[in-house]
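*Asks:* build the 3D model from these lines:
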Amino acid sequence: MSETQSSSPPGSPSIKPYVRRVGLWIGLILIALFIVFAIAGARMSAGPRGTDPSVEFFNSPPLAAFWIVLTLGLLASPIVFPGMRRLGPLCIHLGPALVIIGSLLGSKAIYRLHAGATAAKDPRSKEMRLYEGQPTAMVRDDAGAASNLPFAIRLNRFWMDYYKPTAKWPLHITLRMPSPGSPQAEERESDVHWKIGQAISLDQFGSVEVLEYLPHATASAALEIRPSKGLPVRLEAAAGSETTLADPAATVRIRRAFSRLQVTSRPATQREDRVLDAGGPPVNPALEVELAFAGKAPEIRYAFPEAGEPDGAGLSMRYVPAQPDESSPQPAVRVAVHLQERSWMFWILPPARADDSVCRDTWPAWPEDAPFQFVLSRSDDFGNIKSYNADVSVLVAGQEVERQVVEVNRPLHYGGYHFYQVDWDRRRDDVTIFEVRADTGVGWVFAGYAVGMFGLLWKFWIAPAARWGRGRRHA
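*Replies:* Below you'll find the model as predicted:
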């Protein structure tokens, strides 16, 4: 575009060249100051309680004035310099101006100018701690000051997904056996590399055998029913639990659960032996089961941790403390131990916490006089977390208006706020921590990025390609 002729009288100095020179120097000074401020902010170290002094620096009143002057300069450039009114240069200047305007709208400096502004519009990052099943609207800033949002968030459930381990967990054994010729017990430790069904010698002390291994399990007692054909059926080990079998056709119902089943001989006045729960440590756990085959009267059976022999219909039952669970990274294992003249059989159960690296709880409980301890230690690739997930609901006046599963890179957005999953309470599995950020000005910022990128593409790629194409056609 050619420059228009000055309308000033002959002999008088032209005003436009002077304005352009001043504008050019102002632009260079603003760019230099921007570089200086950016370097200064980058060199600032973290303050107390993890605060960032650069945030305070860039939101200070002098810097707020600088951002306003820089924005006005970007918007005034196409007016002062006609060559910048073309589409590409115009967008290149308009884009950064929109980014700065959006940043100012969401900044602390502008927030402080709003007399009577509430904490609900405070753009500062806040923390929200959520407990499962307990709605809350309270957020806290870096200094610990509390404020409330105009709506509440309820954590319905929090869980972590793990990558599946590629190796089975090794079994660590500690033995305390009498040492020949010494009153002191000899303690030996070793890691056992095992295979299911293979007896492993413990030197002269005895042997250990892994009978069953569940690579992904939760500690949840169940009745396992094995028909002669088909897959095993698991029923929750609770009184009243019931299921129906197809082959053989039968109904199975749990009547009672015993931690220490005891049978007393029947007195002469009674027709049956008396079965009771003696209480105390679960040294003889069992389930009382009612089994009703089609066309026959119900019969009572008892299921123990050791599998019973199949009956005439090919049905066997046993009482198990762990159930398969593909979402769990921990295993469960059933072990038989034979030491000298004594034998034990027990399960090593998954820990209560998902991120624990050992399984040491057993079912039944450790015998008080057992001269051993077994620990299932994690495999090397255990505990690699795949994702954090929080199922949350937004509540307005106690009513659910929105529900979403929040992940690390998938925040919840509602009411002008973004809720980011940033942490969880490692002491509790039902607590998660959100970072809450107001989205004031975010739309302006994204629009500025889009306009600026379009201007760069138009200036350096689309427009030159179009000129090259026109030149080829006219050649």
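
*Asks:* any chance you could map the helices in the chain?
*Replies:* 15-42, 53-58, 61-80, 87-105, 108-113, 442-457, 463-474 (DSSP state H).

*Asks:* JSON lines for these, including mean neighbour count?
*Replies:* Where you see a C-beta, it was placed from the backbone N, CA and C, and this is true even at glycine. Shown next, in JSON lines, are the helices of the chain (neighbours: other CB atoms under 10 Å):
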{"stretch": "helix 15-42", "mean neighbour count": "12"}
{"stretch": "helix 53-58", "mean neighbour count": "16"}
{"stretch": "helix 61-80", "mean neighbour count": "16"}
{"stretch": "helix 87-105", "mean neighbour count": "19"}
{"stretch": "helix 108-113", "mean neighbour count": "16"}
{"stretch": "helix 442-457", "mean neighbour count": "16"}
{"stretch": "helix 463-474", "mean neighbour count": "10"}
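
*Asks:* between the ones you listed, which one is closest to I153.
*Replies:* Proximity to I153, assessed across these by CB to CB, is greatest for helix 442-457 (19.8 Å).

*Asks:* does anything pack onto that closest one? Which helices or strands?
*Replies:* Contacts defined by 3 or more CB pairs under 8 Å, 6 or more residues apart in numbering; DSSP states H and E place helix 442-457 against helix 87-105.

*Asks:* quick check: mean pLDDT of the helix it packs on?
*Replies:* In this model, helix 87-105 has an average pLDDT of 86.

*Asks:* gap between that helix and the chain center?
*Replies:* The gap between where helix 87-105 is centred and where its chain is centred comes out at 37 Å by CA atoms, centre = their mean, to the nearest Å.

*Asks:* please apply the same query to stretch 30-44.
*Replies:* 38 Å.

*Asks:* on that earlier part again, dump the helices of the chain to CSV, plus distance to R318.
*Replies:* Conversion of those to CSV gives the following (distance: least, CB to CB, whole Å):
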stretch, distance to R318
helix 15-42, 66
helix 53-58, 62
helix 61-80, 72
helix 87-105, 65
helix 108-113, 65
helix 442-457, 59
helix 463-474, 76
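
*Asks:* and of those, who's closest to D161?
*Replies:* helix 442-457 (29.3 Å).

*Asks:* which segments of this protein make up each domain?
*Replies:* Following automatic domain parsing, one finds the domains of the chain at 15-114+442-474, 131-161+386-434, 164-216+325-383, 220-324.

*Asks:* picking up where we left off before, which of the helices of the chain comes out lowest on mean pLDDT?
*Replies:* Looking at those, the bottom one is helix 108-113 with a mean of 60.

*Asks:* check the gap between the residue most central in space within the chain and G41 for me.
*Replies:* The structure's the chain has its C-alpha centroid closest to Y388; by CA atoms, centre = their mean the separation is 1.4 Å. According to CB to CB, to the nearest Å, Y388 and G41 sit 31 Å apart.

*Asks:* cool, E341 as well?
*Replies:* Distance from E341 to G41, by CB to CB: 76 Å.

*Asks:* one more: V210?
*Replies:* As judged by CB to CB, V210 and G41 stand 60 Å apart.

*Asks:* what does A465 give?
*Replies:* From A465 to G41 the distance is 38 Å (CB to CB).

*Asks:* ok, L457 next?
*Replies:* L457 is 29 Å from G41, by CB to CB.

*Asks:* list the contacts of V392.
*Replies:* L130, I153, R154, L155, N156, R403, Q404, V405, V406, L412, F419 (CB atoms under 8 Å, 6 or more residues apart in numbering).

*Asks:* how many neighbours does the first one have?
*Replies:* Read that as L130. L130: 24 surrounding residues under other CB atoms under 10 Å.

*Asks:* thought it was touching V431?
*Replies:* Yes - judged on CB atoms under 8 Å, L130 makes contact with V431 at a distance of 6.9 Å.

*Asks:* got any residues that touch both of those two?
*Replies:* By CB under 8 Å, 6+ apart, the residues touching both L130 and V431 are L155, F158.

*Asks:* give the closest residue to E326 in space, chain neighbours not counted.
*Replies:* Using CB to CB, 6 or more residues apart in numbering and skipping residues adjacent in sequence, the residue nearest E326 is H216, 5.2 Å away.

*Asks:* got the phi and psi for that neighbour?
*Replies:* Dihedral pair for H216: phi -140, psi 110, per degrees, to the nearest 10.

*Asks:* wait, what's in contact with it?
*Replies:* K164, P324, D325, E326, S327, S328, P329, Q330, P331.

*Asks:* which residue sits closest to the third one, ignoring its sequence neighbours?
*Replies:* In space, not counting the residues next to it along the chain, D325 is nearest to T218; the distance is 4.3 Å by CB to CB, 6+ apart.

*Asks:* got the confidence number for the residue nearest to E326?
*Replies:* 86.

*Asks:* so how far is T243 from it?
*Replies:* Counting by CB to CB, the gap from H216 to T243 is 23 Å.

*Asks:* again, but for W468
*Replies:* In terms of CB to CB, W468 sits 76 Å off from T243.

*Asks:* nearest to S125, out of the domains of the chain?
*Replies:* Of all the domains of the chain, the one in closest proximity to S125, counting by CB to CB, is domain 131-161+386-434 (7.7 Å).

*Asks:* straight-line length of that closest one, end to end?
*Replies:* Start and end residues of domain 131-161+386-434 are separated by 11 Å (CA to CA, to the nearest Å).

*Asks:* same question, stretch 395-404
*Replies:* Start-to-end, stretch 395-404 (CA to CA) is 12 Å.

*Asks:* kindly report the same for stretch 456-471.
*Replies:* Termini of stretch 456-471 sit 22 Å apart (CA to CA).
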